[in-house]
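>>> Everything below, folded, please.
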Amino acid sequence: MDSNLVTTSRLLDKSVNNLLDDFGAGSSAPGSGSAAALMGILSGKLIITVCSLSLKKAEQEKLGIDNGSIKSNQLKFIPFENQLRFIIDDIKNNIEPQLKFLFEEDSKEFEKVVELRKQRVQAENDGNKALQSKYNKESLDKLQQVTDFVFKISEQCFKLIEHGNFIFDKAYTAVRGDSGAAISAAIAGVTSSIFIINLNLVSLNRRKWSKEKKQACDEMYEMLQKKQLEAFSRVGALSSEVVETMQFEIGDI
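Coordinates of the predicted model:
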């Protein structure tokens with residue numbers, strides 16, 4: 001793991017109830033950026049679960065091959081062992097550490113944005129234009145940094161969407177509820193990121209940096225729409241499977 005990702009996980013060390021209470025406490029942090037990262041973390045955990053269960057099925061298939069109860073052309077899980085292990089490794093060693101780091105940093109740094117904005121308002125009320133300008137610039141600099149965090153959160157969530165699609169299609173079909181929830185959570189992480197980025201760009205609109213980031217955000221939105229359609233197609237396929245099964249059962253009665 002990158003040494004730059006080492007951070008004290010003050011928020012993520014809390015109980016689930018306490019963390020959720022923090023989100024609902026009406027304060028600036030943890031806020032929407034951390035919420036987007038949390039959606040990604042949840043997605044990753046669900047994907048790991050599906051991969052792990054599928055690898056257990058692969059082990060059962062190996063036993064079946066040894067005792068002759070399964071033929072090589074009946075294998076469902078062994079052919080995808082390497083991909084499943086890669087996904088687990090990618091999430092545990094790359095995606096999850098990144099998202100946990102970004103969860104904490106977004107919360108910590110956005111609190112600084114809010115504090116600088118308060119100082120700017122106080123300076124304005126005091127008629128101190130020099131201080132007002134100073135705090136305004138510092139708050140925008142910090143907001144720009146936080147916006148970059150959100151871009152990174154969306155990047156990791158896009159990776160999780162890809163992993164989620166793979167396991168939905170290839171992994172253990174009995175736990176496609178988990179696969180679908182993982183895809184949905186990752187999509188929600190990206191969607192939230194797009195909301196946040198656009199909102200932040202309203203405040204940063206006079207910066208040259210914002211034009212490039214606006215284009216990147218629009219491209220992200222286009223990609224998200226494609227991923228949503230792919231997810232909906234999987235929902236449709238599963239729905240059709242239900243209908244076919246019901247018709248088969250009715251025909252047997």
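>>> all contacts plus neighbour counts: C-alpha atoms, from now on.
Will do.
>>> what's the host helix or strand of residue 150 packed up against?
According to DSSP states H and E, residue 150 maps onto helix 129-170. In terms of contacts (3 or more CA pairs under 8 Å, 6 or more residues apart in numbering; DSSP states H and E), helix 129-170 is packed against helix 32-67, helix 96-125, helix 176-203.
>>> Mind putting the ones you listed into JSON lines with distance to residue 160?
Formatted as JSON lines, these follow (distance: least, CA to CA, whole Å):
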{"stretch": "helix 32-67", "distance to residue 160": "7"}
{"stretch": "helix 96-125", "distance to residue 160": "10"}
{"stretch": "helix 176-203", "distance to residue 160": "6"}
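>>> Could you measure from residue 14 over to residue 21?
10 Å (CA to CA, to the nearest Å).
>>> Mutual contacts of those two, please.
Counting by CA atoms under 8 Å, 6 or more residues apart in numbering, residue 14 and residue 21 have no contacts in common.
>>> where in the stretch 101-250 of the chain is pLDDT low?
243-250 (pLDDT under 70).
>>> Can you point out the buried residues in stretch 140-152?
For stretch 140-152, the neighbour count (16 or more other CA atoms under 10 Å) marks 140, 142-144, 146-147, 149-152 as buried.
>>> which other residues reach that stretch?
Applying CA under 8 Å, 6+ apart, the set of residues contacting stretch 140-152 is 33, 102, 105-106, 109-110, 112-113, 193, 196-197, 200, 203-204.
>>> one more time with 7 Å, if that's ok
33, 102, 106, 109-110, 113, 193, 197, 200, 204 (CA atoms under 7 Å, 6 or more residues apart in numbering).
>>> What of stretch 163-171?
47, 50-51, 54, 77, 87, 176, 179-180, 182-183.
>>> Would you reformat those residues as TSV and include neighbour count and distance to residue 227?
Listed next are these as TSV, based on neighbours: other CA atoms under 10 Å; distance: CA to CA, whole Å:
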residue	neighbour count	distance to residue 227
47	30	17
50	26	20
51	28	21
54	25	24
77	20	25
87	24	18
176	18	17
179	29	14
180	22	13
182	30	13
183	30	9
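>>> Same list, those, but as TSV with distance to residue 233 please.
Output for these, formatted as TSV (distance: CA to CA, whole Å):
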residue	distance to residue 233
47	19
50	20
51	22
54	23
77	23
87	22
176	14
179	14
180	12
182	15
183	12
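>>> which one of those is nearest residue 208?
residue 183 (34.3 Å; CA to CA).
>>> My read is that the closest one contacts residue 161, right?
Yes. If you go by CA atoms under 7 Å, residue 183 and residue 161 touch, sitting 5.2 Å apart.
>>> burial of residue 206, as a residue count?
10 (other CA atoms under 10 Å).
>>> Give the helix, strand or coil label for it.
Here residue 206 is recorded as coil under DSSP: H, G, I helix; E, B strand; the rest coil.
>>> go on, residue 29?
From three-state DSSP, the assignment for residue 29 is coil.
>>> how close does the spatially most central residue of the chain get to residue 61?
By CA atoms, centre = their mean, the chain has its centre lying nearest to residue 40, at 2.2 Å. Going from residue 40 to residue 61 by CA to CA gives 32 Å.
>>> Ok, residue 113 next?
55 Å.
>>> again, but for residue 141
Separation of residue 141 from residue 61 (CA to CA) stands at 56 Å.
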